[in-house]
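J.: Sequence first, then the predicted structure, then my questions.
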Amino acid sequence: FVTASPNTLFVFAAGNDGTDNDKLPASPANVKTDNAISVAATLDFDSLASFSNYGAKMVEVAAPGVVIMASIPGDQYLEMSGTSMAAPYVTNAASRVLNANPKLKPAEVKAILMKTVDVKSFLAGKVVSSGIVNAERAVKAAELSNHMELTDAIESANIAVEAVQVSRRNLKESSDMLVLPLRSLWF
C-alpha cells in the first residue's frame with residue numbers, strides 16, 4: 001500500500017513492546033520507503049519512553065508520547081501514552097511542513113523532519129536521526145525551501161530555530177499508565 005501511494009507520507013507508530021525493531025521487526029513500522037517514517041515515543045523531551053519500540057536502522061525519529069491528552073468517544077478527553085500518541089505529533093509537523101511549501105514531495109518532507117530534529121544523546125543508537133522532531137524548525141526549513149535549495153534551507157533552519165525548551169511537567173511513567181495498545185505484526 002505504501003508503494004502504491006508514492007505521493008503520500010505514511011507516519012507509522014514504532015510499537016509499544018519496548019523492543020528493538022532492528023532485531024524484532026514490527027509491521028507496518030518497519031516498512032522502509034522514501035514515503036514512510038517510523039516514530040518512537042519519548043517522555044516529554046527527557047528520555048525514551050520505557051514502552052517504546054526503537055531501532056537505529058528501522059525507526060527514524062521520536063516525539064513526545066507519554067501522558068498526551070487525546071479525544072475519546074463521547075466528546076471526552078483522556079490522558080494516554082504510546083507510540084500511537086507520538087505519531088500524530090509527527091503527522092501534525094509533516095502537515096505544517098507541507099502547508100509551508102506544497103511543492104515538497106513526501107521524501108523531502110521526511111528529510112526535513114529527520115534533519116531538523118533536536119538531537120538527544122539518549123536517542124543515539126535508538127532512532128536513525130538521534131532526535132525528537134522539532135516542528136517549528138521543520139516548518140522554517142520548508143518556508144525557506146520555497147526560495148533556496150532544500151539542503152541550504154535545512155541548514156539555515158537549524159541555525160535559526162532553537163531547540164524546544166523542555167516544559168518540565170514532571171512527568172513520570174508508572175505501571176498504571178494507560179498505554180494505547182498497538183499490536184505488532186511480524187513479517
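T.: Arrived safely, thanks for sending.
J.: Please name every helix or strand in contact with the least confident helix or strand in the chain by mean pLDDT.
T.: Using mean pLDDT, DSSP states H and E, the weakest-scoring helix or strand in the chain turns out to be strand 68-72, at a mean of 91. Strand 68-72 is packed against strand 76-80, helix 83-100, with contacts defined by 3 or more CB pairs under 8 Å, 6 or more residues apart in numbering; DSSP states H and E. Every residue, glycine included, has its C-beta placed from N, CA and C.
J.: Out of those, name the one with the poorest average pLDDT.
T.: Here the lowest mean pLDDT among these goes to strand 76-80, at a mean of 94.
J.: so what secondary structure elements neighbour that one?
T.: Packing partners of strand 76-80 (3+ CB pairs under 8 Å, 6+ apart): strand 68-72.
J.: Partner strands of the strand it packs on and their direction?
T.: In the sheet, strand 68-72 lines up against strand 76-80 (antiparallel) (DSSP bridges).
J.: So which bits of the partner strand are buried?
T.: Met80 (16 or more other CB atoms under 10 Å).
J.: now do stretch 125-145
T.: 126-145.
J.: Low-confidence bits of this protein, can you list those?
T.: Within the chain, the stretches with pLDDT under 70 are 1, 167-187.
J.: Counting residues, name the longest strand you see in it.
T.: Longest strand in the chain, counting residues (DSSP state E): strand 36-43.
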